[in-house]
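Asker: Need a 3D model of the sequence below.
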Amino acid sequence: MKMGMKNVSYSLKGNFSLLAFDYDGTLATGGSVAPSTLDALKDLLITGRKLVLVSGRQLPELIDIFPELALFAWVIAENGGVIHETATGQSDVIGDPPPAEFLRALEERGIEPVARGRVIVATASSYSDTLLTLIQSMALTHRVILNKDSAMILPEGVNKGSGLLWVLKRLGLSKEDVIGVGDGENDADLFRVSGLRVAVANAVSELKEMADWVTPGSAGSGVEQLSELLLNA
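Answerer: As a prediction, this is how the structure comes out:
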């Protein structure tokens, strides 16, 4: 059940020591994060909380487009396929990409563009039925995860939630310590391992239904509203 502003303010009095944010459509609009949203993140850090970025993008791409990546203790990239600790620069790869014959099959069928990461393979969501058929015909242990206009192919069990659980284990935390914030279908897995689930106003309806609170503002504005509530809780 979604909380009103008063009720969510009360709930935020809990000991939420970690916030996990999606990037596109949550922190960022058009690929960039507004200065006011960055300030809100810095305010959260001052309270001693840790921040985790959870994105379907590849790590090199995030490094290129988001110079302030070091605000986040951990970056979960490729929708859970790559986990990066910013302080040490160490990255762990979780799972294997689809085999070469799967990639050849995509090319033969004229599926493009195709983005290939260390684990993830991504293309347009309009190809999702074809991707599922290929995965089944090749008996692969991969699944298709949708995110608005994108379709991501990842190993079974690799998603934003599994990536966050990996980080929580390293930190000795549980999901009750986490506020998860997102906007897309793939953030449903993030919500499943979050003690408090926050959807920004521009989130897909599926995620809003799962959320404990839907922010009045969209994307970065909603993040700023959450930060303000936490600081005043």
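Asker: In stretch 56-75, which residues are buried?
Answerer: By neighbour count on 16 or more other C-beta atoms under 10 Å, the buried set for stretch 56-75 is 56-59, 61-62, 66, 69, 71-75. Heads up, the C-betas are built off the backbone N, CA and C, glycines and all.
Asker: scratch that, stretch 75-85
Answerer: 75-84.
Asker: Pick the one among those residues closest to residue 127.
Answerer: residue 79 (16.7 Å; C-beta to C-beta).
Asker: pretty sure residue 52 contacts residue 164?
Answerer: Yes - the pair residue 52 / residue 164 is scored as a contact, 6.8 Å apart, by C-beta atoms under 8 Å.
Asker: Just want to know which of those two has more residues nearby.
Answerer: residue 164 (27 against 22; other C-beta atoms under 10 Å).
Asker: That one belongs to a helix?
Answerer: Yes - applying DSSP: H, G, I helix; E, B strand; the rest coil, one finds residue 164 inside a helix.
Asker: tell me the contacts of it?
Answerer: Contact analysis of residue 164 by C-beta atoms under 8 Å, 6 or more residues apart in numbering lists 20, 52, 54, 76, 178, 180, 190, 193-194.
Asker: Let me have the residues you listed in JSON lines, extended by distance to residue 145 and secondary structure.
Answerer: JSON lines is the format used below for the contacts of residue 164 (distance: C-beta to C-beta, whole Å; DSSP: H, G, I helix; E, B strand; the rest coil):
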{"residue": "20", "distance to residue 145": "17", "secondary structure": "strand"}
{"residue": "52", "distance to residue 145": "19", "secondary structure": "strand"}
{"residue": "54", "distance to residue 145": "13", "secondary structure": "strand"}
{"residue": "76", "distance to residue 145": "14", "secondary structure": "strand"}
{"residue": "178", "distance to residue 145": "20", "secondary structure": "strand"}
{"residue": "180", "distance to residue 145": "16", "secondary structure": "strand"}
{"residue": "190", "distance to residue 145": "12", "secondary structure": "helix"}
{"residue": "193", "distance to residue 145": "15", "secondary structure": "coil"}
{"residue": "194", "distance to residue 145": "17", "secondary structure": "coil"}
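Asker: need the strands for the chain, in chain order.
Answerer: 18-22, 50-54, 74-77, 82-85, 90-93, 115-116, 121-124, 142-147, 150-155, 178-182, 196-199, 213-214 (DSSP state E).
Asker: can you put those in JSON lines and add mean pLDDT?
Answerer: Formatted as JSON lines, those follow (pLDDT from 0 to 100):
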{"stretch": "strand 18-22", "mean pLDDT": "98"}
{"stretch": "strand 50-54", "mean pLDDT": "98"}
{"stretch": "strand 74-77", "mean pLDDT": "98"}
{"stretch": "strand 82-85", "mean pLDDT": "98"}
{"stretch": "strand 90-93", "mean pLDDT": "98"}
{"stretch": "strand 115-116", "mean pLDDT": "96"}
{"stretch": "strand 121-124", "mean pLDDT": "97"}
{"stretch": "strand 142-147", "mean pLDDT": "94"}
{"stretch": "strand 150-155", "mean pLDDT": "97"}
{"stretch": "strand 178-182", "mean pLDDT": "98"}
{"stretch": "strand 196-199", "mean pLDDT": "96"}
{"stretch": "strand 213-214", "mean pLDDT": "94"}
